[in-house]
Every structure is written in structure tokens, then in C-alpha cells.
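Undergrad: next one to model:
(one chain, ligands or ions: 1)
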Amino acid sequence: MNVEHQLRPLESEARVPLRIAVVGTGLLGERHARFWGQQDNVDLVGIVDLDLGRANRASERLATTFGIPRPPVFMSLDTLLASAAADAVSVATPDFAHRVPVVQALDAGLHVLVEKPLAMTTADAMVMADAARRAGRWLMVNHSMRWIPRYRAVHDAIRTGEWGQMVVAHSAKSDVIHVPTEMLRWASRSSAAYFLTAHDLDLVRWFTGDRIVRVFAQGARGVLDRRGIDAYDAIQSSVTFASGSIASFEASWIHPNTYPSFTDDYMHVICEKGVAYLDRGREGTEVFDTDRVRHPKHSTVYEQDGRIYGSFRHSLEHFTRSIRAGTEPLTSARRVMGVVSALEAIHRSLETGMPETVDDQPVY
Ligand SMILES: NC(=O)c1ccc[n+]([C@@H]2O[C@H](COP(=O)([O-])OP(=O)(O)OC[C@H]3O[C@@H](n4cnc5c(N)ncnc54)[C@H](O)[C@@H]3O)[C@@H](O)[C@H]2O)c1
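TA: Numbers count the residues shown, from 1 in each chain. Reported below is the predicted structural model:
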């Protein structure tokens with residue numbers, strides 16, 4: 001599964017800026033655009049959104065708030081590519097809308113960084129991975145949590161053999177209700193599992209280096225239904241790996257908006273010779289303002305001198321390094337395909353009420 005794939009290195013061209021576009025200019029897409037626009041060795045060649053007004057407002061903010069040369073705005077990747085050359089693209093469209101722009105970009109010969117989850121179905125994920133292989137371009141998924149040092153430390157302790165095999169892991173991730181009711185206009189077309197468990201499934205699967213063979217999931221509903229949003233409030237998923245290790249993942253997105261952080265985040269990992277308790281809820285910082293308490297997050301995204309730091313930055317830098325060096329990204333589509341298969345099986349299990357097998361096989 002982890003056979004190293006290589007492309008021709010571009011080291012000799014390391015000083016030539018990479019020309020990068022962004023498709024989808026919502027919360028995440030604008031962050032990608034801002035990051036690329038602030039890199040010395042990257043030219044942000046344009047931003048794309050079906051909602052031209054949204055893209056125009058993002059372009060304006062990038063220029064006026066962050067001093068980035070105002071990126072041209074387009075309604076489709078085709079029109080962008082007709083007027084500007086590009087080497088790569090970030091795709092940050094909603095979870096259900098990754099396949100079309102990803103395949104279009106790969107077919108046009110661009111490397112692609114796509115937001116998590118890669119896809120909502122294994123069929124879509126396979127189409128995208130095939131397009132990458134055909135094009136000889138990298139398709140990387142932004143599973144940026146892998147660049148948070150404490151998760152990397154757990155990974156290394158397990159994969160070097162120091163802690164032996166993982167026995168059991170448990171994670172709980174909770175968003176405030178603002179996320180499905182106000183932030184995302186498409187919560188009913190995704191789920192707490194696709195949106196939140198995608199991160200932790202990827203982490204635990206990476207820790208073990210193992211295949212997921214079976215899942216069983218249960219969901220609870222009511223709060224969001226009453227708000228007219230057709231989505232589970234919470235989903236619990238129980239996962240079995242080929243070696244016999246087990247893990248459970250809880251995702252919910254109905255915390256009151258007064259909660260001190262946007263996402264609460266907890267995981268424990270129990271191994272044969274070591275245990276880790278990873279409480280990312282507070283990250284050790286509690287801030288008391290005059291009117292509220294906050295637990296600011298510093299591991300994923302934070303700002304310093306107007307620039308973006310944290311695991312988001314490391315993940316995006318890994319993408320450009322992979323392009324320049326010709327080395328396969330740590331989170332290439334084919335490597336994280338099993339996350340999509342498991343998420344799809346979790347939703348099958350929610351429907352059938354039964355355990356479901358997962359086809360987490362090595363991909364080419
Ligand atoms: N890595 C993380 O921690 C993280 C956090 C939040 C969201 N995400 C992921 O990022 C992606 C985007 O989420 P978001 O919160 O920015 O969503 P959003 O709704 O804020 O933005 C999505 C944008 O894509 C546009 N769009 C939809 N279809 C399009 C198409 N075919 N072509 C061009 N534009 C299109 C929409 O008009 C919208 O402006 C999702 O997959 C989400 O799960 C990742």
C-alpha cells in the first residue's frame with residue numbers, strides 16, 4: 001500500500017514560483033487562497049466559485065486586508081485555464097462536490113490538493129485517484145491533522161515498534177451548532193461523520209498502518225431535524241482493523257454556541273506498551289474576556305503577523321514540496337482511499353442497523 005510513487009523532481013526549478021489556483025472560495029477556500037497568496041514561491045493565479053459574488057468578496061478581502069495582489073475571479077476552472085496557466089489547484093468545494101473540479105484539474109495536467117474528505121463514495125474517490133494516475137500528477141487530501149506534533153509522536157511511537165501494536169483508540173469530536181445551521185449551507189448533504197470523523201479515522205488508520213475491515217454505526221437525531229436540517233445530531237462509529245485492533249469515533253455538531261471553542265476534540269490511544277491521552281479541547285489555554293471564555297486553538301490554524309501558522313500551513317507546504325521534489329504526498333488519494341470506504345460503510349451501517357464490511361484494499 002505504501003510503495004513510494006515518484007514523479008520527475010522539479011528541484012532545479014525550485015526558485016520558479018508555482019502557479020496555483022483555488023476552486024471554492026468559502027471558509028476553507030479563502031484560507032487556501034490567502035495562504036498561497038502570502039507565499040514567496042507561489043503565484044495565486046485566480047480563484048473560482050459558482051457564486052461569483054462570493055469569489056469577488058474573497059478577492060477584495062485578500063487584497064485589502066492582506067495586501068495580496070488581487071486574484072482574478074472566475075466562475076469555472078475552464079475559464080480560468082483559458083486565460084491563465086497553472087501548475088496546481090486547491091479544491092475546497094463542499095464535501096459532495098469534489099469529484100468534478102478535481103478530475104477537471106487533473107485532466108488539464110494540474111497537481112491537486114483537495115479538502116477532506118476526498119469524497120463521499122468510494123466510486124468517486126476511485127475516479128479521482130485514476131485521473132491522478134492517468135495524468136501523472138499528485139492528488140493530495142488535506143488531512144492536515146497529521147502535521148500536529150502530538151499525533152505525529154503517537155504515530156512514530158507505534159510505527160517504530162516502541163509501543164507495540166495499537167489495541168484500542170477512542171475519539172470524540174464536537175462542533176458548535178453554528179456549524180451545521182449557519183456556517184455550512186450544505187450540512188444535510190454531508191454528515192457529522194464526513195465532516196468530523198474523517199479527520200480522526202485518517203489519524204488512527206495512519207497510526208496503525210492497517211486496513212479497516214468492518215464498521216458498525218449508530219446515530220441520534222432530533223435537534224437538527226427540529227431546525228429543519230435533515231442530519232444526524234451525533235454519530236458513533238465502531239471500527240475493526242485487519243489485525244484485530246479496534247477504535248470508536250464519536251462526532252456531534254450540536255454544542256451550544258457559547259462553548260469556548262468551535263470544535264472540542266479528544267482522543268485516547270491504548271497500545272501494547274504505551275498509552276496517549278490527547279485532549280485538544282483546550283490546548284492548555286483558557287482565555288477570560290469580559291463577556292466570554294475561550295479556548296483558542298493553536299495547533300491547526302493561528303495567525304502571527306498576519307500570516308497563517310499551524311498544521312494547515314505544514315500540510316500546504318508539504319503539497320508544494322511534493323510537487324517540487326516529485327515525491328508522493330503523505331496523504332495522497334490512493335493512501336487515504338480507505339478513509340472514504342470506511343465513511344461510506346458507516347453510512348450504510350446507519351441505514352441497515354448492521355455491521356458493514358469495508359473494502360480498504362491497497363490501490364495501485
Ligand atoms: N481541513 C479542515 O479542517 C476543514 C475545515 C472545514 C471544512 N473543510 C472542508 O473544506 C471543504 C469546503 O468547506 P467550506 O466550509 O469552505 O464550505 P463553504 O460552503 O464555506 O464553501 C464552499 C464554496 O464552494 C463553492 N462551490 C460549490 N460547488 C462548486 C463548484 N462546482 N465549483 C466552484 N465552486 C463551487 C460554493 O459556492 C462555496 O462558496 C469541505 O469539503 C469541508 O469538509 C475542511
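Undergrad: quick one, helices of this protein?
TA: 27-37, 52-66, 77-83, 99-107, 122-135, 149-159, 178, 192, 198-208, 223-226, 311-325, 333-352 (DSSP state H).
Undergrad: to the ligand, which of those lies closest?
TA: Nearest to the ligand among the helices of the chain is helix 27-37 (3.5 Å), distances taken as CB to the nearest ligand atom. For the C-beta atoms, the positions are set from N, CA and C on the backbone; glycine is no exception.
Undergrad: which residue packs closest to the closest residue to the ligand within the chain, ignoring adjacent ones?
TA: Of all residues in the chain, the one sitting closest to the ligand is Gly26 (1.8 Å; CB to the nearest ligand atom). The shortest distance from Gly26 to any non-neighbouring residue, by CB to CB, 6 or more residues apart in numbering, is to Ala92 (6.7 Å).
Undergrad: just the pLDDT for Asp279.
TA: Looking at Asp279, its pLDDT reads 88.
Undergrad: show me the residues around it that make contact.
TA: Asp265, Tyr266 (CB atoms under 8 Å, 6 or more residues apart in numbering).
Undergrad: tell me how far it lies from Thr197.
TA: 18 Å (CB to CB, to the nearest Å).
Undergrad: next, the spatially most central residue of the chain: phi, psi?
TA: Closest residue to the average C-alpha location of the chain: Lys116 at 2.9 Å, with CA atoms, centre = their mean. Per-residue torsions, Lys116: phi -70, psi 160 (degrees, to the nearest 10).
Undergrad: and it, what does it touch?
TA: By CB under 8 Å, 6+ apart, Lys116 lies in contact with Val141, Asn142, His143, Ala198, His199, Asp202.
Undergrad: and the residues you listed, which are buried?
TA: Applying 16 or more other CB atoms under 10 Å to the contacts of Lys116, the neighbour count classes Val141, Asn142, His143, Ala198, His199, Asp202 as buried.
Undergrad: the ligand next: which of the residues you listed are close?
TA: The residues of those that also fall near the ligand, by CB under 6 Å from any ligand atom, are Asn142.
Undergrad: with respect to Pro260, which of the buried ones among the contacts of Lys116 is nearest?
TA: Within the buried ones among the contacts of Lys116, proximity to Pro260 (CB to CB) peaks at His199, which comes in at 19.9 Å.
Undergrad: please name the nearest non-neighbouring residue to the closest one.
TA: Met145 (5.1 Å).
Undergrad: okay, now Glu30: neighbour count?
TA: Burial measure for Glu30: 22 neighbouring residues, criterion other CB atoms under 10 Å.
Undergrad: excluding sequence neighbours, find me the nearest residue to it.
TA: Counting by CB to CB, 6+ apart, the residue nearest Glu30 is Ala58, at 4.6 Å.
Undergrad: which pLDDT value goes with the residue nearest to the centre of the chain?
TA: For Lys116, pLDDT reads 98.
Undergrad: so what's the closest residue to it other than its chain neighbours up against?
TA: Distance criterion CB to CB, 6+ apart; nearest residue to Lys116, sequence neighbours excluded, is Ala198 at 5.0 Å. By CB under 8 Å, 6+ apart, the contact list for Ala198 reads Lys116, Pro117, His143, Val339, Leu343.
Undergrad: now those as CSV including distance to Gly67?
TA: Formatted as CSV, the contacts of Ala198 follow (distance: CB to CB, whole Å):
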residue, distance to Gly67
Lys116, 29
Pro117, 33
His143, 30
Val339, 37
Leu343, 39
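Undergrad: now for those: which two are most distant?
TA: Most distant of those, by CB to CB, are His143 and Leu343, 12.6 Å apart.
Undergrad: residues near Glu162, how many?
TA: Around Glu162 there are 11 other residues, counting by other CB under 10 Å.
Undergrad: over to Gln218?
TA: Look at Gln218: counted by other CB under 10 Å, it has 14 neighbours.
Undergrad: right, and it touches Glu351 too?
TA: No - contact between Gln218 and Glu351 fails when scored by CB atoms under 8 Å: they sit 11.6 Å apart.
Undergrad: how about the residues of the stretch 151-300 of the chain near the ligand?
TA: Leu184, Arg185, Phe195.
Undergrad: and those residues, which are buried?
TA: Leu184, Phe195.
Undergrad: can you redo the residues of the stretch 151-300 of the chain next to the ligand as a markdown table with pLDDT?
TA: Converted to a markdown table, these look like this (pLDDT from 0 to 100):
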| residue | pLDDT |
| --- | --- |
| Leu184 | 97 |
| Arg185 | 95 |
| Phe195 | 98 |
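Undergrad: follow-up on the earlier one: how about the contacts made by the residue nearest to His199?
TA: Met145 touches Tyr151, His199, Asp200, Asp202, Leu203, Thr300, Ser311, counting by CB under 8 Å, 6+ apart.
Undergrad: change it to 10 Å
TA: 116, 151-152, 198-200, 202-203, 206, 265, 267, 280, 299-300, 311-312, 315, 331 (CB atoms under 10 Å, 6 or more residues apart in numbering).
Undergrad: same thing with Ser144?
TA: By CB under 10 Å, 6+ apart, the neighbours of Ser144 are 115-116, 199, 202, 299-301, 310-316, 318, 331.
Undergrad: repeat that for Val275.
TA: Val154, Trp163, Val167, His268, Val269.
Undergrad: out of the helices of the chain, nearest to Val287?
TA: From the helices of the chain, taking CB to CB, the stretch that ends up closest is helix 178, at 18.9 Å.
Undergrad: picking up where we left off before, out of the contacts of Ala198, who's nearest Phe66?
TA: Lys116 (24.4 Å).
Undergrad: phi, psi for Ile177 please.
TA: According to degrees, to the nearest 10, Ile177 has phi -70, psi -20.
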